[in-house]
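[1] mind looking at a prediction? Sequence and model below.
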Amino acid sequence: MKPIREVARRIDLPEDTIDRLFRSHLVLLFLFLYAPIAVVVILSFTPKSFPSFPMEGFSLEWYANLLPPDHDERVVNSLITSLQVGVISALGAGVVGTLAALGLVRSQFSSRWLQSDILYTFTLVPIVVPWIVTGIAGLTFFNLLGIQGTTLSLVIGHILICLPFVILIVSTQLYQFDRSVEEAAMNLGASELRTFYEVTLPLIAPGIIAGMFFAFTISFDNFTQTFFWVSAQDPTLPVVIFGMIDYGLEPTVNAIGAIIVTLSALIAAAAERLSSRVLE
Amino acid sequence: MGERTTDPPGETRSIIRRLSDSDWFRFIQIAPAVFWIGLFLVLPFLIIISYSFFESAPLIDGFGGAQLTLDNYVEFFTRSIYLSILWDSFVIAVVTTVITLLLVYPAAYYLAFSDVKYKNLFLLLFILPFWMNIVIRTYAWRQVFGDGGLVNYLLGFVGAGPVEVLFTRPVVIIGLVHVFLPFMLLPVYSSLSNIDRSQIESAKNLGANRVEAFMEITLPQSVPGVGAGVMLVFVLSFGAFVVPELLGGAQNSMIANRIASMFLELQSWEVGSAVAVIFTALVLALLYAFNRVIGLEGMYGGDNA
Amino acid sequence: MSDTANTIVNLENVGKKFGNVTAVNDLSVDIREGEFFSLLGPSGCGKTTTLRMIAGFETATSGAVRIRDREMSGVPPYDRNTGMVFQGYALFPHKTVGENVGFGLKMDGVPKDEREEKVKETLELVDLPGLEDRSPTQLSGGQQQRVALARALAIEPSLLLLDEPLSNLDYKLRRELRFQLKRIQEEVGVTTIYVTHNQKEAMAMSDRILILNDGQREQLGTPKEIYNKPKSRFVADFIGEANLFDGTVTKCQNGTAEVELDMGTGRSLSVPTTDAVEEGRQVTINVRPERVTATDLEGILTGEIVSRTYLGKSTRLLVDVNGTEIEADISSDQIVGLSQDLSIGTTVDLTWKPDACVIVGGLD
């Protein structure tokens, strides 16, 4: 401990200096996080077809590209596909994941072969397997089944990717769940099933909804695995964006990016408001 | 978890019979998730493993006419390109992880222990980029470092530049840090904010200065969160695809880009499978070793105990 | 077996093991119709487990639980017609107070208007009229406790089960609610099983108390019996405060046993006893501190005052008698009447009335 004490004494700066150091670090980190995003937003208003500095003017034509009547059909169609796949995957992962979380948190398996922690770790496997491997494994299997490049394979794959997150979120909620309210319901004459939908389900609903919301955003944003699973005819939005920029810069993508930035900021702000109101 | 009962000697009963009614009920609840992961991830991966032992894949005529071989693995270990790309990817992943940790820890520490106003807003701002598409976020760096990008534009004002930085390794690492930073922040912050402040105060009360209190109290207790964050960022950047694809160019592609091109462009699934199997085995072995040393309880939502 | 006609709950050789841990061991007891029955003991003594077996949340690993002569194994909690108040109240946070109280009636299929009438009535009973539309999360701890009680009473249960219902409240509120709970129980007349670790609560409210220790029955009796005639060292120590002396019986006749104390003063105590105690037997004697007085005359024991604590109505002395510390609560009135000033370090003579001595252990 001696050397540490020695070092500490030498660098024992005044409290407010340290505070200032931490604060500047935080500011620089936010600059790092948001500077590129700001660049995307700023350049979405460029009049040039190659987004670069200096901007030489202001234009909304790349936003007009996204709106009827001159909209880019690839972008709009892929947006619809992404929304559809996201909603179905979120619902699927929500149901399967909630059931699994209930089973995992409340099971008391006493068998050597069937242990809750082993099952729990198994449900987290889709997180730890590298994305690229999940992608090509799905590609291979869907090919064998003859469903490669269909919406079905995409939904199957997205449920797989989202499942661990739903299980994590719902089981966190279940660990905090006070089971005596279930006992109280049964004590008052409610059967197991009645107890579940009168008491358990309404109380874990926030966790399930948060899990499904998270699943939706993961599905909507997913690129790496989706890249291997989609069809050329009916791609998702991230895949279309990737195609647009793989070999160059494209101001329409800046416009899409700016919209996504604005929307996610709005949703986050709304969620923050809502959660703080609920907490009060 | 419940008491583990050991079998009475000489009495072997099947698992199925040993399950009580409630065990069965729980098992049926878990079954769909286990089935889904087994059928759509584990089984496909087993198929990948089998492909890696065939002379050519995908198998068009079924498994019957295929020839078994170890050539795909021999190719991996004899052609230096595979090993060097794997090594490069590993180095990039390690550097990314270390930089991310060094950037995140002080910020998480500050947010967890100081009475900053708008603490929740700051946390939200850290997580917000996570909801922005990874492709767009990577694309953004092109407009920062590219020909008409922000950096060269600013350099122009001081009479320097233009510099050619796009498609170099540092830019790939910057992109990876940017994309995976929230995965480090959340576990580190949550482990730090769970530390009882009075412990630190009592350490100081017992004569420890600020650095000693940090080394003795705060740092050890943040290990689970750091472990979870390090593991997530390492695995994600080791297997990164989008960032090196868009920012690395041909010279700085990583293992995932190599595997992808073997499946999508070269149609050489058998070698691609072998590379994927080796890569996955390496990742899982590293995870296992890491878990043995640090423990990843921080990753699990609740405590089973 | 239930030997009396008015037995409502009968436990027969009930045991409960969790893995290798025995929570309740071979417990037999009858609880009578209409009584306020307390299960009292330190934490981990098995009292809550016993209550949960009666409610149906745990299954006995041996023995039988009967309610109104009906064997309860296999009967789910929702078919037992018990009303339980949980330690943390377990109110449904997503339902209003009215919905909470009416929940059991809803489960019974009672029509809505009838239900509302009953909810109103029950909330009045617990002194919370008109709170139907509030959320339980907006209520104070004491109010929540009474809502939980109302919820359990609304179904008119044949048994009211209370699991440490007052333990989460502060001292003053606890005392208030103790009386209110007792009043309501008497008004409704429902058989009540009350689990607590607080001996004062059990004493103040119960008709009978069962003291449990390590999952075993220590003593069953009325509060008075248990306080005045504790059957074991454990009970004497757990109920109220105790000065326990070990000694050997030297003589026993005419309902009085002479006990020579082990503490080496050579003193003997005369202890009244209804049972014949044979000579040479090792026994433990209890004298409650509030029965010990200081005297200017020669006392039963003499020692040096080690510490002195002012308690308001009385002063607690810790007196060292040959290495054994004895507690004595001297009332303020008595201190005034004494010639010595009872300061620390002075010698004091202690005495008590013969009937203050009770043999608490070693009789069997």
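    Yes, it's here. Numbering: from 1, shown residues only, chains lettered A, B, ... in the order given.
[2] domains of chain C?
    C:7-234, C:241-361 (automatic domain parsing).
[3] excluding residues flanking it in the chain, which one is nearest the residue of chain B found nearest chain A?
    Residue nearest to chain A within chain B: B:Gly148 (2.2 Å; C-beta to the nearest C-beta). C-beta here means a position set from N, CA and C on the backbone, and glycine is covered the same way. Nearest residue to B:Gly148 in three dimensions, chain neighbours excluded: A:Ser52, at 2.2 Å (C-beta to C-beta, 6 or more residues apart in numbering or on different chains).
[4] what of B:Leu284?
    Nearest non-adjacent residue to B:Leu284 (C-beta to C-beta, 6+ apart): A:Val128, at 7.3 Å.
[5] do the same with A:Ser44
    A:Asn254 (3.6 Å).
[6] please apply the same query to C:Asn13.
    In space, C:Asn13 is closest to C:Gly63, 3.8 Å off (C-beta to C-beta, 6+ apart).
[7] same thing with B:Leu246?
    That would be B:Thr138: by C-beta to C-beta, 6+ apart, it lies 4.7 Å from B:Leu246.
[8] might one say that that neighbour is in contact with B:Gly175?
    Yes - with contact defined as C-beta atoms under 8 Å, B:Thr138 and B:Gly175 form a contacting pair (5.5 Å).
[9] quick one: which of the two has more around it?
    Between B:Thr138 and B:Gly175, counted using other C-beta atoms under 10 Å in any protein chain shown, the more crowded position is B:Gly175 (29 against 25).
[10] what is the helix or strand hosting the more buried one packed up against?
    Secondary structure assignment for B:Gly175, by DSSP states H and E: helix B:169-193. If you count contacts as 3 or more C-beta pairs under 8 Å, 6 or more residues apart in numbering or on different chains; DSSP states H and E, helix B:169-193 packs onto helix A:15-43, helix B:80-113, helix B:119-127, helix B:134-145, helix B:219-238, helix B:242-243.
[11] weakest of these in terms of mean pLDDT?
    Least confidently modelled of these is helix B:119-127, at a mean of 84 by mean pLDDT.
[12] hang on, the earlier thing: if I look at the residue nearest to B:Leu246, how far off is B:Asp88?
    19 Å (C-beta to C-beta, to the nearest Å).
[13] can you list the weak-confidence ranges in the chain?
    Defaulting to chain A. For chain A, the stretches flagged by pLDDT under 70 are A:1-12, A:110-113, A:247-248, A:274-280.
[14] chain C is the one I meant
    In chain C (pLDDT under 70), the answer is C:1-5, C:264-266, C:362-364.
[15] picking up where we left off before, the residue nearest to C:Asn13 belongs to a strand?
    Yes - remark: C:Gly63 belongs to a strand, assigned using DSSP: H, G, I helix; E, B strand; the rest coil.
[16] most centrally placed residue in chain A?
    Chain A has A:Ile218 as the residue nearest its centroid, 3.3 Å off, counting by C-alpha atoms, centre = their mean.
[17] identify the residues contacting the closest residue to that one other than its chain neighbours.
    Spatial nearest neighbour of A:Ile218, excluding adjacent residues (C-beta to C-beta, 6+ apart): A:Cys162 at 5.3 Å. A:Cys162 makes contact with A:89-90, A:93, A:97, A:214-215, A:218-219 under the criterion C-beta atoms under 8 Å, 6 or more residues apart in numbering or on different chains.
[18] could you measure A:Cys162 against chain C, distance?
    The gap separating A:Cys162 from chain C is 27 Å, by C-beta to the nearest C-beta, to the nearest Å.
[19] host element of that residue?
    Going by DSSP H and E, A:Cys162 is part of helix A:151-175.
[20] quick one: whichever helix or strand comes after that helix near chain B?
    Beyond helix A:151-175 on the C-terminal side, the first helix or strand identified by DSSP H and E is helix A:180-187. No - on the criterion C-beta under 8 Å from any C-beta of the partner chain, helix A:180-187 is out of touch with chain B, staying 13.7 Å away.
[21] may I have the phi/psi pair for the residue nearest to A:Ser44?
    When quoted as degrees, to the nearest 10, the phi and psi of A:Asn254 stand at phi -60, psi -40.
[22] coming back round to it: just the ones of the contacts of A:Cys162 in strands?
    Nothing among the contacts of A:Cys162 maps onto strands, per DSSP state E.
[23] what's the most distant pair in those?
    A:Gly97 and A:Ser219 (12.9 Å; C-beta to C-beta).
[24] what's the longest helix along chain A packed up against?
    Ranked by residue count and defined by DSSP state H, the top helix of chain A is helix A:73-106. When contacts are defined as 3+ C-beta pairs under 8 Å, 6+ apart, helix A:73-106 packs onto helix A:116-123, helix A:151-175, helix A:201-221, helix A:237-245, helix B:21-37.
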